[in-house]
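Q: sequence below, structure please.
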Amino acid sequence: MTYAVLDVESTIKNKGHPFSESNKLCLIGIRINGHIRICDVEYSDSPYGGILEEVRSILSGVDCVVGFNLKFDLNWLARYGCCLPNHVRVFDCQLAEFILANQQSPFPSLDDCLAKYGLGAKSTDVLSGYWNVGIDTPQIPLEIITNYLRKDLELTDALYQTLLPHVQKSNLGPLVRLHMQDLRVLQEMEFHGIRLNWAAMEQAANKTEEELNEIN
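A: Take a look at the predicted model:
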């Protein structure tokens, strides 16, 4: 089975939320068989262009996409028109660790997981030297943010290689695999949202208010 480790770097408003309209996707990092490709979305003089098509092509050619808090990254790609084909499976290390730990630690951080399995730690240079003092991602020198992304890809890959045997041997393995399939469905639901009939909602609210007034 071929897999790609995926991680993205975005601007930081509202914690980099992909549905904040003012946020932008800056870099897309992909690691396959130890080889890393950093795709520049916002740093170059001609952003987008063939970069997004290259990302689609790379991710369509693997069997599985691996990440940490992967729904975040998939929503960013979807916002830029990059959606995984149906045949590509996903593996979210954060979700796998949550299930393997018997759901005792909701939303474990990457650093927590790395420390638990003795895999090192994330670099703190970008967080402490830039983001925590209000410097947004596009203002960080490209070399620094690229190295930060490369390190995260390497650590996520190491975590995946550590977690996978635990999933395969555990009686929780079927549950983990089910939730990985479910993650793709939830991501699409989250991205597309629910269509609301605002006029009908207003009518229903007015009717309810009239009923409450009558009761009072």
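Q: and the gap between the residue lying closest to residue 190 once chain neighbours are set aside and residue 99?
A: Using CB to CB, 6 or more residues apart in numbering and skipping residues adjacent in sequence, the residue nearest residue 190 is residue 75, 6.6 Å away. Placement of C-beta: from N, CA and C, glycine included. Residue 75 sits at a distance of 21 Å from residue 99 (criterion: CB to CB, to the nearest Å).
Q: how about the strands in the chain?
A: Under the criterion DSSP state E, the chain contains strands at 3-10, 25-32, 35-40, 64-67, 89-92.
Q: which neighbouring elements make contact with the longest helix along the chain?
A: The longest helix of the chain (DSSP state H) is helix 142-169. If you count contacts as 3 or more CB pairs under 8 Å, 6 or more residues apart in numbering; DSSP states H and E, helix 142-169 packs onto strand 3-10, strand 25-32, strand 35-40, strand 64-67, helix 93-100, helix 110-116, helix 125-129, helix 173-192.
Q: relative to strand 25-32, how tilted is the first one?
A: Meaning strand 3-10. Taking axes from the mean of the first three to the mean of the last three CA atoms, to 10 degrees, strand 3-10 and strand 25-32 form an angle of 160 degrees between their directions.
Q: circling back: now render the strands of the chain as JSON lines, adding mean pLDDT, mean neighbour count and distance to residue 54.
A: Output for the strands of the chain, formatted as JSON lines (pLDDT from 0 to 100; neighbours: other CB atoms under 10 Å; distance: least, CB to CB, whole Å):
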{"stretch": "strand 3-10", "mean pLDDT": "97", "mean neighbour count": "24", "distance to residue 54": "13"}
{"stretch": "strand 25-32", "mean pLDDT": "96", "mean neighbour count": "22", "distance to residue 54": "9"}
{"stretch": "strand 35-40", "mean pLDDT": "93", "mean neighbour count": "15", "distance to residue 54": "6"}
{"stretch": "strand 64-67", "mean pLDDT": "98", "mean neighbour count": "22", "distance to residue 54": "15"}
{"stretch": "strand 89-92", "mean pLDDT": "97", "mean neighbour count": "21", "distance to residue 54": "20"}
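Q: let's have these in CSV, adding distance to residue 209.
A: Formatted as CSV, the strands of the chain follow (distance: least, CB to CB, whole Å):
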stretch, distance to residue 209
strand 3-10, 41
strand 25-32, 43
strand 35-40, 52
strand 64-67, 46
strand 89-92, 43
